[in-house]
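# sharing a model prediction with you, sequence too.
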Amino acid sequence: MIFERYILRNYLGPFAFSMAVITFVFIMDFILRYIDLFLGKGVKFHIVLQAFALSLGHMFALIIPMAVLPATLMTYGNLTSENEITAMRACGYSTYRMILPGVFGATLLAIALVLYNNHVLPESNHRLMNLLIDIQRKQPTVELNPNRFIDDVQGYTIYFQEKDDRTGEIQDVQIFKRNEKGGLPTTIIAESGKLQMIEGQNVLRVDLNNGEIHELPVAADRGTYRRTTFKEYTLNIKDVDRSLQRSERDYRGDREMSVRMMEDKIQEIRTDMALSRQEIIRQANASLDNTFDLLNAQERARRWETKPDTASTALVEGPSKPRPTVRPSGSGRAPLAARSEFLARQRIETEIGKRESFEKQIRRYQVEIQKKYSIPFACIIFVMVGAPLAIRMGRSGMNMAIGLSILFFLVYYVCLIGGEKLADRGFADPFLAMWAPNLIFGALAIVFLRKAAREQALADWTWVSVLRSLFRRHATANPR
């Protein structure tokens with residue numbers, strides 16, 4: 001156990017460093033993504049911190065697997081550069097035994113991540129989504145930039161060309177007050193003004209100078225037009241609440257559910273699919289019965305029986321020789337039968353469309369379930385890939401090992417995202433799409449482990465060496 005504890009203890013520093021660096025990158029991405037939303041809505045600092053803390057939930061689900069690979073490279077690279085790997089081999093420890101503590105630690109980390117993804121991550125995602133929706137609904141600050149139409153104040157549209165941020169004074173003001181009873185809005189034009197927010201009463205006070213009010217009253221006399229001039233005019237806009245109103249929504253997306261929730265949702269959707277299938281069968285049977293009834297001569301006669309319509313006769317050869325117009329019976333059974341068949345086809349097509357929508361929802365939930373297990377399992381794969389790379393390349397090949405590991409990581413997540421899109425669209429099985437990157441890199445890790453255990457060069461398996469060997473083979477075959 002001393003040997004295993006020693007290797008695991010060497011993991012702590014590199015893993016913490018990798019976590020810090022990758023977390024910093026994710027934080028910068030979060031800031032760039034939501035900075036406009038927070039500033040535009042005037043969100044307070046503690047709300048921003050709360051949103052940031054909740055966003056760490058989905059960040060850690062990706063940061064932890066990402067940190068395993070560089071931590072493994074640094075740990076075993078340091079052991080190799082200090083000749084500790086050579087000493088371990090001299091003591092009889094095989095390469096598999098050296099990598100086993102890292103695999104054991106990655107396994108514990110993967111189990112913890114599975115529990116985290118199933119219990120903590122859905123709740124943090126749900127609370128973050130609720131908070132972001134509340135922030136988007138929040139009334140923005142009224143001190144917005146000039147030369148913009150401000151439509152966020154309920155019942156009003158405000159426009160001004162210039163504004164002093166320190167005093168709140170505005171120039172060339174236009175205010176449009178929407179009429180609740182319909183009709184044209186009331187227009188207020190002023191040379192200058194001043195904005196003042198009365199926080200305790202949620203009232204926006206607009207003091208205007210040297211302007212006019214143009215309105216068209218909603219009355220019986222539409223010709224009435226009113227124009228009022230003023231030197232000073234104060235407009236109080238009420239219910240301008242800029243505070244953040246928190247709400248709780250019951251709906252949860254696929255990333256806001258645990259595995260049990262998604263399995264229950266899949267079972268519910270399959271029940272709806274069974275009901276839809278029964279409706280399709282019922283409509284199809286009714287349409288077939290209606291069609292086969294026409295094989296009966298009496299039924300055809302009843303539906304298509306014709307008779308003279310004396311009300312629409314036309315006198316062609318004189319008053320004594322009317323020519324009757326033949327048409328279906330007055331009950332209109334034939335058009336109604338055709339209409340019923342058309343409606344039946346529409347209902348069947350609607351149920352088929354619902355069934356396709358249900359299948360897409362099931363695939364999306366199945367992909368998310370598999371993702372909760374495949375991404376944590378990547379911790380084990382990255383240890384198995386990174387450890388032999390660091391052991392065989394040592395200090396001289398450390399830069400190449402890090403470059404290859406970054407390449408492996410990018411390829412892994414590109415395959416993961418591509419598999420998710422293919423599975424969502426029905427081109428691949430959800431299990432195979434989510435686990436294919438682990439299977440591919442797991443096979444590559446086995447190759448690396450065997451070559452590292454035999455102390456063979458790993459570079460022979462790179463594409464550069466393959467192309468070099470092919471070039472040499474063709475060069476020797478050329479007689480010149």
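Received, thanks.

# the biggest helix by length in the chain packs against which elements?
Counting by DSSP state H, the longest helix found in the chain is helix 333-393. Contacts defined by 3 or more Cβ pairs under 8 Å, 6 or more residues apart in numbering; DSSP states H and E place helix 333-393 against helix 45-81, helix 95-115, helix 259-292, helix 297-304, helix 398-424, helix 430-453. (Each C-beta comes from the backbone N, C-alpha and C, glycine too.)

# buried deepest among these, which one?
helix 45-81 (a mean of 20; mean count of other Cβ atoms under 10 Å).

# contacts only, for Pro65.
For Pro65, the contacting residues are 113, 375-376, 378-379, 382, by Cβ atoms under 8 Å, 6 or more residues apart in numbering.

# let's have these in a markdown table, adding pLDDT and distance to Ile362.
Output for the contacts of Pro65, formatted as a markdown table (pLDDT from 0 to 100; distance: Cβ to Cβ, whole Å):
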| residue | pLDDT | distance to Ile362 |
| --- | --- | --- |
| Leu113 | 94 | 25 |
| Ile375 | 93 | 21 |
| Pro376 | 94 | 23 |
| Ala378 | 93 | 25 |
| Cys379 | 93 | 28 |
| Phe382 | 92 | 31 |
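
# follow-up on the earlier one: in JSON lines: the helices and strands packed on helix 333-393, plus distance to Leu216.
Shown next, in JSON lines, are these (distance: least, Cβ to Cβ, whole Å):
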{"stretch": "helix 45-81", "distance to Leu216": "43"}
{"stretch": "helix 95-115", "distance to Leu216": "65"}
{"stretch": "helix 259-292", "distance to Leu216": "53"}
{"stretch": "helix 297-304", "distance to Leu216": "60"}
{"stretch": "helix 398-424", "distance to Leu216": "53"}
{"stretch": "helix 430-453", "distance to Leu216": "61"}
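
# which ones are touching the closest residue to Glu359 other than its chain neighbours?
Residue nearest to Glu359 in three dimensions, not counting chain neighbours: Gly426, with 7.2 Å by Cβ to Cβ, 6 or more residues apart in numbering. Gly426 makes contacts with 359-360, 363, as judged by Cβ under 8 Å, 6+ apart.

# roughly how far does Gly426 sit from Asp29?
31 Å (Cβ to Cβ, to the nearest Å).

# what does Ile85 give?
37 Å.

# kindly report the same for Arg260.
Counting by Cβ to Cβ, the gap from Arg260 to Asp29 is 31 Å.

# picking that back up, now the buried members of the contacts of Gly426.
Applying 16 or more other Cβ atoms under 10 Å to the contacts of Gly426, the neighbour count classes Arg363 as buried.

# name the nearest of the contacts of Gly426 relative to Gln298.
Gln298 lies nearest to Glu359 out of the contacts of Gly426, by Cβ to Cβ, at 44.4 Å.

# I'd like to know which helix or strand in this protein has the lowest mean pLDDT.
Using mean pLDDT, DSSP states H and E, the weakest-scoring helix or strand in the chain turns out to be strand 314-315, at a mean of 40.

# quick check: Arg205 is in a helix.
No: applying DSSP: H, G, I helix; E, B strand; the rest coil, one finds Arg205 to be strand, outside a helix.

# can you tell me who it pairs with across the strands?
With DSSP bridges as the criterion, Arg205 is bridged to Gln196, Asn236.

# tell me, how many residues neighbour it?
16 (other Cβ atoms under 10 Å).

# and the closest residue to Glu162 other than its chain neighbours, which of the three is it?
Nearest residue to Glu162 in three dimensions, chain neighbours excluded: Gln171, at 4.1 Å (Cβ to Cβ, 6+ apart). Of the three states, Gln171 takes strand according to three-state DSSP.

# how close does Gln171 get to Glu191?
7 Å.

# out of the two, which sits in the more crowded spot?
Gln171 (14 against 11).

# is it true that that one touches Leu195?
No: Gln171 is beyond contact range of Leu195, at 11.7 Å (criterion: Cβ atoms under 8 Å).

# which residues touch stretch 403-421?
In contact with stretch 403-421 (Cβ under 8 Å, 6+ apart) are residues 66, 69-70, 73, 367, 371, 374-375, 378, 382, 385-386, 389, 428, 432-434, 436-437, 440-441, 444, 462.

# how far does it sit from its chain's centre?
19 Å (Cα atoms, centre = their mean, to the nearest Å).

# stretch 349-365 now?
How far stretch 349-365 lies from its chain's middle: 19 Å, per Cα atoms, centre = their mean.

# quick one: contacts of that stretch?
So stretch 349-365 is contacted by 254, 257, 262, 265-266, 269-270, 272-273, 276-277, 279-280, 283, 423-424, 426, 430 (Cβ under 8 Å, 6+ apart).

# buried residues in it, which are they?
For stretch 349-365, using 16+ other Cβ under 10 Å, the buried residues are 351, 354, 358, 361-365.

# make a markdown table from those and add distance to Arg226 and pLDDT to it.
Listed next are the buried residues of stretch 349-365 as a markdown table, based on distance: Cβ to Cβ, whole Å; pLDDT from 0 to 100:
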| residue | distance to Arg226 | pLDDT |
| --- | --- | --- |
| Glu351 | 58 | 82 |
| Lys354 | 55 | 83 |
| Phe358 | 59 | 89 |
| Gln361 | 57 | 90 |
| Ile362 | 62 | 92 |
| Arg363 | 62 | 92 |
| Arg364 | 58 | 91 |
| Tyr365 | 61 | 93 |
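
# how many neighbours does the closest residue in space to Leu444 that isn't next to it in sequence have?
Among residues not flanking Leu444 along the chain, Val385 sits closest, at 6.4 Å (Cβ to Cβ, 6+ apart). Residues within reach of Val385, counting by other Cβ under 10 Å, total 27.

# joint contacts of Gln171 and Leu195?
Lys163.

# tabulate the buried residues of stretch 349-365 (a markdown table), appending distance to Gly211.
Putting the buried residues of stretch 349-365 into a markdown table (distance: Cβ to Cβ, whole Å) gives the following:
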| residue | distance to Gly211 |
| --- | --- |
| Glu351 | 61 |
| Lys354 | 57 |
| Phe358 | 59 |
| Gln361 | 56 |
| Ile362 | 61 |
| Arg363 | 61 |
| Arg364 | 56 |
| Tyr365 | 59 |
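
# which one of these sits closest to Arg127?
Scanning the buried residues of stretch 349-365 for proximity to Arg127, where the rule is Cβ to Cβ, the winner is Tyr365, at 20.7 Å.

# measure the closest one to Glu359 for me?
11 Å.

# ditto for Ile352
Ile352 is 11 Å from Glu359, by Cβ to Cβ.

# between the helices and strands packed on helix 333-393, which gets the lowest average pLDDT?
Lowest mean pLDDT within those: helix 297-304, a mean of 64.

# what helix or strand does Phe38 sit in?
helix 2-41 (DSSP states H and E).

# contacts only, for the residue nearest to Leu444.
Per Cβ under 8 Å, 6+ apart, neighbours of Val385: 69, 405, 408, 441, 444-445, 448.
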